[in-house]
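In: This is a predicted model, with the sequence first.
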Amino acid sequence: MRTYKALLASVLLLGFSAVYAAEKLSPAEFVDEASAKSVAEIEGGKMALRKSSSEDVKAYAQRMIDHHTTVNTELAKIAHQKNLKVANEAELMSKAQELILKLREGESFDKAYAKNQVSAHEATIKLFREESHSSADPELKAFATKSLPMLEQHLEEAKRLAEAH
């Protein structure tokens with residue numbers, strides 16, 4: 001079930017679903033979804049560092065690695081205190097991202113990565129916004145609320161990258 005959830009999170013992350021079903025998640029579901037999305041961001045960033053020839057894409061990818069590593073570290077601390085698991089299927093996420101990015105024929109890697117980052121951050125912002133508004137868990141609510149400005153900044157940067165490529 002966790003593997004299915006991780007793959008589903010990756011597909012949502014990469015924009016194959018235009019609509020993210022906004023529903024109230026349990027603390028365990030939020031932690032699972034949020035950590036899976038961060039792992040996918042980290043792995044996608046690593047892939048961009050390997051595949052991109054563009055300095056602006058590489059700089060953005062490094063920020064995604066750094067920021068989402070920090071986010072996942074903070075989330076892992078909260079989850080550990082609550083005996084909740086944090087997604088760790090980095091290999092699955094990486095494989096899913098590589099497959100999906102390779103399917104985009106006719107587009108450069110940089111363009112595909114930038115477009116995917118826009119979709120990914122739109123979905124992640126919806127997840128975090130919902131948690132920040134409706135969570136019954138005060139620590140997760142505070143975490144989501146604190147993380148939103150950074151995620152919104154990532155989205156704006158991704159939009160600029162998509163326009164440039």
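Out: Sure, I can see it. Because the structure is a prediction, the values reported are computed rather than measured. Residues are numbered from 1 along each chain as shown.
In: Going by C-alpha atoms from here, please, whenever you check contacts or count neighbours.
Out: Fine.
In: how about low-confidence regions in this protein?
Out: Within the chain, the stretches with pLDDT under 70 are 1-23, 88-107.
In: could you pull out the helices for it?
Out: Shown for the chain, the helices assigned by DSSP state H span residues 2-13, 27-51, 55-81, 90-102, 109-134, 138-164.
In: The residue most central in space within the chain and Ser108, how far apart?
Out: The structure's the chain has its C-alpha centroid closest to Lys37; by C-alpha atoms, centre = their mean the separation is 3.4 Å. For Lys37, the distance to Ser108 (C-alpha to C-alpha, to the nearest Å) stands at 23 Å.
In: Next: Ser53.
Out: Taking C-alpha to C-alpha as the measure, Ser53 falls 10 Å from Ser108.
In: Please apply the same query to Thr124.
Out: Counting by C-alpha to C-alpha, the gap between Thr124 and Ser108 amounts to 24 Å.
In: Those two: which is more packed in?
Out: Of the pair Thr124 and Ser108, Thr124 is the one with more neighbours under other C-alpha atoms under 10 Å, namely 24 against 14.
In: Hmm, Lys37 and the more buried one touching each other?
Out: Yes: if you go by C-alpha atoms under 8 Å, Thr124 and Lys37 touch, sitting 7.2 Å apart.
In: Now do the contacts for Thr70.
Out: Counting by C-alpha atoms under 8 Å, 6 or more residues apart in numbering, Thr70 touches no other residue.
In: hmm, 10 Å instead?
Out: Residues counted as contacts of Thr70 (C-alpha atoms under 10 Å, 6 or more residues apart in numbering) are Ser38, Met64, Ala76.
In: distance of it from Lys159?
Out: 22 Å.
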